[in-house]
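# Sequence first, predicted coordinates after that:
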Amino acid sequence: MDELARLGFLRERLQQYSREYYGVDMPTIPDAEYDALFRELVALENRYPHLRTADSPTEQVGFLERRREVRLVPHLQPMLSLVNGFEMSDVAEFDRRIREGLNQETVEYCCEPKFDGLAVNLLYRYGRWVQGATRGDGEMGEEVSANLRTLSCLPVQLAGAGWPEWIEVRGEVFMLKQDFAELNQRQRAAGERPFVNPRNAAAGALRQLDPTETARRPLSFYAYGVGGVSPEFVLPDTQAELLVWLAQWGFPVTGEIRTVRGLSGLTSFFDDLQTRRTDLPYEVDGVVYKVNELALQQALGFITRAPRFALAHKFPAEEALTRVLDIEIQVGRTGVLTPVAVLAPVFVGGVTVTRATLHNEEEIRRKDVRCGDQVWVRRAGDVIPEVVAVVQAERQGNSSMFSMPAHCPVCGSLVQRLPEEIAYRCGGGLLCSAQRKQSLLHFASRRAMNIEGLGDKLVDAVVDLGWVQEPADLYRLSRDQWASLPRMAEKSAENLLVALERSKATTFERFLIALGIRQVGERTARDLALHFGSLEVLMHADESALQAVPEVGPVVARAVAVFFADPRQCHIISHLQQVGVTWPQPHRTQADHRPLTGQSFVLTGTLTCSRAEAQRRIEEAGGKVNGSLSRSTTYLVVGHDPGGKVDQAQRLGVAQIDETQWMTLLHKERNRDDAQADS
């Protein structure tokens, strides 16, 4: 296909994809593929500018499908898109253009998250909400006022006083990650198809003809700016101040906002938010940079479909299309058989992905994944890649449904499925080398026994040689045995022996994590250790006693009781104690008497200790650490160089303390608790 034919092909395809994304909320390609095709079209139109037309996707904003049942309403000020940047070079070029356009050496920017939701426009007259609409084509949008009124977070009457005669407030409707997970759980329970991602679920909810259907979906909203405003009204000087105004008027506004100067400030904000992306309670697909001074924004003006003063800097794509080459079975440390898709290599989430989890047989059948299928693959941060959905239109005719094997592919033992479980399990236990290897790797992991240098290759080798049948055997191997393994030398063997010896002195909590008890993670292990105080007491606790531990329910209690009732597990524990694994007896504090019980904390900025250590100290004292603020938060602990949570805490009325005050609170509460215990 020559370049001119390619140009026409790209326009046609991008118009189709825009309709699928904006018009019917059912995209058939990931955002990254759309962006790549869009950039290709821009490059071709730049090469042949005489062929650029007004109806090209590069000149359009969004997509507006005219539905007879829905009224279209005009925006008082056009609701434009943003220019996208994908590389740091794009950001540097943006900053250069801004500096040259304003004739300034450095420029102050307001940095905000780029929410992955649906943009809406809210019209207020004399402080009262009168209309809500989607972006549409930028000039007109679909009126969705009745649907938006189901969002309790949107103010019907603005707070305070002194509002303009009329003003358009703009923001994003989205779905919190937790709300999305619970929505899909309800979908599955009702036998309905779950949603692919929060963005489609939120957008589809707003475009429902029946508002009661919208109300069934848990939608959230953040305001990020204004559109048209009555001419007599004077806005604040900066974008950052405007967001404070919006919050004071009663609109939800994210706390992840920062003003920075110059290119270094932009890249610093991007790197920080990308690092914390998976910890945010909502989906973001990048950051937005805006010149902070509103007067300078007006001076820079607009191009056809976007403002010159702003840039959307996208994170590496988290979704991509590829093909399933095969489906293999992976056996985990608890014997669970997990189907894994072997994929044609695809770059997603910043890395090349060749394998993705399919979770279990039920998920495979629900998604109807088959060998040869073209599929959407998602990888978010450090999350294991997963197959999200199948492109059914691309399916080959000779594919067949997947079924779980009757025998373990590793040891040949019978595969079992308990009535109350979804998972299939290998019945071989530690006789299965796959389970043994995974159990040993978990035992040696950083959060458990922290045996530095003991990785996959070494564990594979000692299990395959028959030297290690259980964790205690690791401590019995000699220097010569370790040194004889591939890629091991005397020095490496010596370092590993030192690490093994060091790991013997552990904590009760780490030891419980290392045992790999089903349903017991770090938090539960910590609660069990603090509540029972000794291994002997814990091992003899029945399910009733276990459920006395806060947040330990019947499922966890049964898993713990079954584990310690198994003679094989008792032998493993005994052998570990025989080789010298020990820990100090923890200070035993009944959970409901811990000094910070019922108090919740949020951390911001840099503390002298790590976040993990700060969280451990708070949780040991009975408190909870959350990632986001709410009115029920007890304290915001403010470290060096805090982010936007400080302003958010002020708006919510949450008490703020610095690290010194926080440490004083911990010591004061601990001393009071000790005094009560002594009395």
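Done, it's in.
# center of the chain - which residue?
Ranked by distance to the mean C-alpha position of the chain (CA atoms, centre = their mean), the top residue is Thr278 at 3.0 Å.
# If I look at that residue, what pLDDT would I see?
At Thr278, the predicted lDDT confidence score is 81.
# and what of the one 4 residues further on?
On the pLDDT scale, Tyr282 is placed at 91.
# go on, the one 4 residues further on?
According to the per-residue confidence, Gly286 scores 92 in pLDDT.
# just checking, it touches Ala312?
Yes - using CB atoms under 8 Å, Gly286 and Ala312 qualify as a contacting pair, with a distance of 5.6 Å. From N, CA and C alone the C-beta is placed, and that goes for glycine too.
# Touching both of the two, which residues are there?
Taking CB atoms under 8 Å, 6 or more residues apart in numbering as the contact definition, Gly286 and Ala312 share the neighbouring residues Asn84, Lys114.
# Give me the more crowded residue out of the two.
Here Gly286 and Ala312 are compared on neighbour count by other CB atoms under 10 Å; more neighbours surround Gly286, at 23 against 17.
# Tell me the spacing between that one and Pro49.
Separation of Gly286 from Pro49 (CB to CB, to the nearest Å): 28 Å.
# May I have stretch 302-317 as CSV, with CA atoms only?
These are the backbone C-alpha positions of stretch 302-317, laid out as CSV (Å, rounded to 0.1, in the frame of the first residue of the first chain):
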residue,chain,number,x,y,z
PHE,A,302,-5.6,27.1,20.7
ILE,A,303,-5.0,25.0,17.6
THR,A,304,-7.9,23.3,15.8
ARG,A,305,-8.6,20.5,18.3
ALA,A,306,-6.5,21.3,21.4
PRO,A,307,-5.1,24.2,23.5
ARG,A,308,-1.5,25.1,23.0
PHE,A,309,-0.9,25.6,26.7
ALA,A,310,-1.5,21.9,27.7
LEU,A,311,0.0,18.5,27.0
ALA,A,312,-1.2,15.0,28.0
HIS,A,313,1.9,12.9,28.7
LYS,A,314,0.8,9.3,28.5
PHE,A,315,2.2,6.4,30.5
PRO,A,316,3.4,3.3,28.7
ALA,A,317,0.5,1.4,27.3
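# could you give the mean pLDDT of it?
Averaged across stretch 302-317, pLDDT comes to 88.
# Could you list which residues are in contact with the nearest residue to Gly643 once chain neighbours are set aside?
Spatial nearest neighbour of Gly643, chain neighbours left out: Thr604 (5.6 Å); criterion: CB to CB, 6 or more residues apart in numbering. The contact partners of Thr604, taken as CB under 8 Å, 6+ apart, are Leu636, Val637, Val638, Gly639, Pro642, Gly643, Lys645, Val646.
# any idea which of those is closest to Leu154?
Compare each of the contacts of Thr604 with Leu154 using CB to CB and the shortest gap goes to Lys645, at 22.7 Å.
# Against Asp116, how distant is that closest one?
According to CB to CB, Lys645 stands 21 Å off from Asp116.
# repeat for Pro486
If you measure Pro486 against Asp116 using CB to CB, the figure is 46 Å.
# When those two are compared, which one has more neighbours?
Relative neighbour count places Asp116 above the other of Pro486 and Asp116, with 21 against 7, counting by other CB under 10 Å.
# Check whether the more buried one really touches Leu280, as I assumed.
No - under the criterion of CB under 8 Å, Asp116 lies out of contact with Leu280, with a separation of 10.7 Å.
# so what's the residue nearest to Gly643 bridging to?
For Thr604, the beta-bridge partners are Val638 (DSSP bridges).
# Can you get me the start-to-end distance on stretch 641-656?
In terms of CA to CA, to the nearest Å, the two terminal residues of stretch 641-656 are separated by 14 Å.
# buried set for it?
By neighbour count on 16 or more other CB atoms under 10 Å, the buried set for stretch 641-656 is Pro642, Gly643, Gly644, Lys645, Val646, Asp647, Gln648, Ala649, Leu652, Val654, Gln656.
# Same question for stretch 605-617.
Buried positions in stretch 605-617, judged by neighbour count with 16+ other CB under 10 Å: Gly605, Leu607, Ala614, Gln615, Arg616, Arg617.
# mind listing which of the residues you listed are in helices?
Judged by DSSP state H, the subset of those located in helices is Ala614, Gln615, Arg616, Arg617.
# Listing partners with orientation, what would you give for the helix or strand encompassing Val287?
Assignment of secondary structure by DSSP states H and E places Val287 within strand 284-291. According to DSSP bridges, strand 284-291 has the following sheet partners: strand 108-115 (antiparallel), strand 310-314 (antiparallel).
# Comparing those strands, which comes out most buried?
The highest mean neighbour count among the strands paired with strand 284-291, using mean count of other CB atoms under 10 Å, belongs to strand 108-115: a mean of 24.
# for the following helix or strand past it, which positions count as buried?
Along the chain past strand 108-115, the next helix or strand (assigned with DSSP H and E) turns out to be strand 118-125. Judged by neighbour count (16+ other CB under 10 Å), strand 118-125 contains these buried residues: Leu118, Ala119, Val120, Asn121, Leu122, Leu123, Tyr124.
# Parallel or antiparallel, which strands does strand 118-125 pair with?
Strands that pair with strand 118-125, judged by DSSP bridges, come out as strand 128-134 (antiparallel), strand 166-174 (antiparallel).
# Go through the first one and flag the buried ones.
Within strand 128-134, the residues that count as buried by 16+ other CB under 10 Å are Trp129, Gln131, Gly132, Ala133, Thr134.
# Now the element after it, going C-ward?
Beyond strand 128-134 on the C-terminal side, the first helix or strand identified by DSSP H and E is strand 140-142.
# closest to Ser399 among the ones in helices among the buried residues of stretch 605-617?
Closest to Ser399 out of those is Gln615 (46.8 Å), distances taken as CB to CB.
# wait, what's in contact with that closest one?
When contacts are taken as CB under 8 Å, 6+ apart, Gln615 is in contact with Leu603, Val625.
# how near is it to Thr633?
Gln615 sits 15 Å away from Thr633, going by CB to CB.
# Likewise for Asp237?
The gap separating Asp237 from Thr633 is 31 Å, by CB to CB.
# higher neighbour count, those two?
Set side by side, Asp237 and Thr633 show unequal neighbour counts under other CB under 10 Å, the larger going to Thr633 at 21 against 13.
# Excluding sequence neighbours, find me the nearest residue to Phe174.
By the measure of CB to CB, 6+ apart, the closest residue to Phe174 outside its immediate chain neighbours is Gly117, 3.0 Å from it.
# I meant to write Leu10 there.
With CB to CB, 6+ apart as the criterion, Leu10 has its nearest non-adjacent residue at 4.3 Å, and that residue is Leu41.
# Look up phi and psi at the one you found.
For Leu41, the backbone dihedrals (degrees, to the nearest 10) come out as phi -70, psi -40.
# That one touches Glu12, doesn't it?
No - the pair Leu41 and Glu12 does not pass the contact test of CB under 8 Å, sitting 10.5 Å apart.
# Looking at these two, which is more packed in?
For the pair Leu41 and Glu12, the greater number of neighbours falls to Leu41 (21 against 11), based on other CB under 10 Å.
# give the contact list for the residue nearest to Leu10.
Remark: with contacts taken as CB under 8 Å, 6+ apart, Leu41 is in contact with Leu7, Leu10, Arg11, Leu14, Ser56, Pro57, Thr58.
# if you set the cut-off to 10 Å instead, what comes out?
Contacts for Leu41 (CB atoms under 10 Å, 6 or more residues apart in numbering) come out as Arg6, Leu7, Phe9, Leu10, Arg11, Arg13, Leu14, Arg52, Ser56, Pro57, Thr58.
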